[in-house]
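Q: mind folding the following:
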Amino acid sequence: MSRIRNQNDIPVTVEVEAESWAAALTPRLAQFAAVARHEHVTRAAQELEVPQSTLSRAMVRLEEDLGVALFARRGRTVALTPAGRTFLRSVERALAEVDRAAESVRADADPAAGRVAFGFLHTLGSETVPGLIRGFRVDHPRVRFQLVQNYGEAMIERMRAGGLDLCLTSPVPDAPDLVARRLDEQRLRLVVPDDHRLAGRRRVRLAEASAELFVTLEPGYGLRRITDALCAEAGFTPKIAFEGEEAETIRGLVAAGLGVALLPPPAVPRPGVAELTVTAPRAVREIGVAWLDGHPDTPPVAAFKRFLLSRRGQLLD
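A: Presented below is the predicted three-dimensional model:
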């Protein structure tokens with residue numbers, strides 16, 4: 001609700017939609033703060049480089065919109081009313097927050113020292129991603145990274161919501177709103193307990209494990225979809241004993257004798273397991289980089305994207 005005066009100088013009440021306050025008032029907040037700071041319309045107008053008459057009308061309109069007197073006027077000088085002082089405190093906080101937000105986004109877009117929000121799979125976090133960032137920062141030493149580890153679908157949803165600039169994921173996604181580029185492939189191994197009947201083998205056909213209990217990642221994880229697809233190609237549906245959220249936890253469950261698993265190689269050898277090359281079907285996962293189609297890149301994001309694309313076929317070296 002807002003009270004203004006009609007042509008007969010009679011106060012009347014008008015409706016103002018609550019969600020319209022920001023749109024209605026924001027353009028005049030900096031003008032109000034300048035008048036309040038100078039306590040003089042002319043000097044405030046000179047600072048803002050607007051005509052005094054324009055600024056005076058803006059302050060009158062602001063008071064009319066609010067239905068509150070913000071200034072006590074004495075000629076060209078003004079003094080804040082109690083309501084004006086209360087309003088000024090909030091306006092100064094709001095303007096300061098806008099300044100901080102503007103500086104933040106400008107800093108993030110700085111070509112030399114901006115920020116890249118980068119998502120990647122847990123299995124790429126121990127060696128691959130640190131090596132990538134180290135290589136990139138040889139030529140871009142001040143670029144900052146916000147790093148997010150998650151499974152593929154969660155990263156893509158976060159990217160769609162604006163929380164990531166790009167992500168390394170597997171399988172390489174195929175969606176109309178995304179651009180995805182294959183970078184490399186990684187062999188998967190059949191991991192069995194070190195006292196398993198197959199542990200003495202170096203190579204194995206996946207069909208030879210059709211009767212085993214499998215330990216896998218949960219549905220929704222890319223590696224789970226790949227495991228299900230490879231088992232189907234080998235002619236069986238895996239019997240799932242345990243589901244988890246992290247590959248090294250799965251490897252630990254295998255070491256405890258709770259099943260077998262299809263996993264990428266570990267960063268460091270894990271005792272208690274044997275890791276066998278799968279000869280049939282061809283057990284690999286493709287790893288790619290994805291970003292939103294049509295989404296404008298800041299200079300640091302564009303530079304890191306070019307760097308990742310230059311690593312095709314060498315991502316996992």
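Q: give me the next element, helix or strand, following the helix ranked longest in the chain.
A: Longest helix in the chain, counting residues (DSSP state H): helix 82-108. Counting by DSSP states H and E, the next helix or strand C-terminal to helix 82-108 is strand 115-120.
Q: what distance separates that following strand from the centre of its chain?
A: From the chain centre to the centre of strand 115-120 is a distance of 7 Å (Cα atoms, centre = their mean, to the nearest Å).
Q: avg pLDDT for it?
A: Averaged over strand 115-120, pLDDT sits at 97.
Q: show me what it pairs with in its sheet, parallel or antiparallel.
A: Strand 115-120 has the following sheet partners, assigned by DSSP bridges: strand 144-149 (parallel), strand 166-169 (parallel).
Q: return the distance of the first one from the chain's centre.
A: Translated: strand 144-149. That offset, for strand 144-149, works out to 9 Å (Cα atoms, centre = their mean).
Q: got it, and the last one?
A: In terms of Cα atoms, centre = their mean, the centre of strand 166-169 is set 11 Å apart from its chain centre.
Q: now do it, average pLDDT.
A: Mean predicted lDDT for strand 166-169 stands at 97.
Q: let's see stretch 69-87 as CSV, backbone CA atoms only.
A: Coordinates of each C-alpha in stretch 69-87 appear next as CSV, following Å, rounded to 0.1, in the frame of the first residue of the first chain:
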residue,chain,number,x,y,z
ALA,A,69,8.2,11.7,3.9
LEU,A,70,12.0,11.0,3.7
PHE,A,71,13.2,14.6,3.8
ALA,A,72,12.4,17.7,5.7
ARG,A,73,13.1,20.5,3.2
ARG,A,74,14.5,23.9,3.9
GLY,A,75,15.0,25.6,0.6
ARG,A,76,17.7,23.8,-1.3
THR,A,77,18.9,22.0,1.8
VAL,A,78,17.3,18.9,3.1
ALA,A,79,17.5,16.8,6.3
LEU,A,80,16.5,13.2,6.7
THR,A,81,13.3,12.5,8.7
PRO,A,82,13.4,9.5,11.1
ALA,A,83,11.8,7.4,8.4
GLY,A,84,14.5,8.7,6.0
ARG,A,85,17.3,7.7,8.3
THR,A,86,15.8,4.2,8.7
PHE,A,87,15.4,3.9,4.9
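Q: mean confidence (pLDDT) on the longest helix of the chain, please.
A: 89.
Q: next, the angle strand 144-149 makes with that helix.
A: Angle of helix 82-108 versus strand 144-149, following axes from the mean of the first three to the mean of the last three Cα atoms, to 10 degrees, is 80 degrees.
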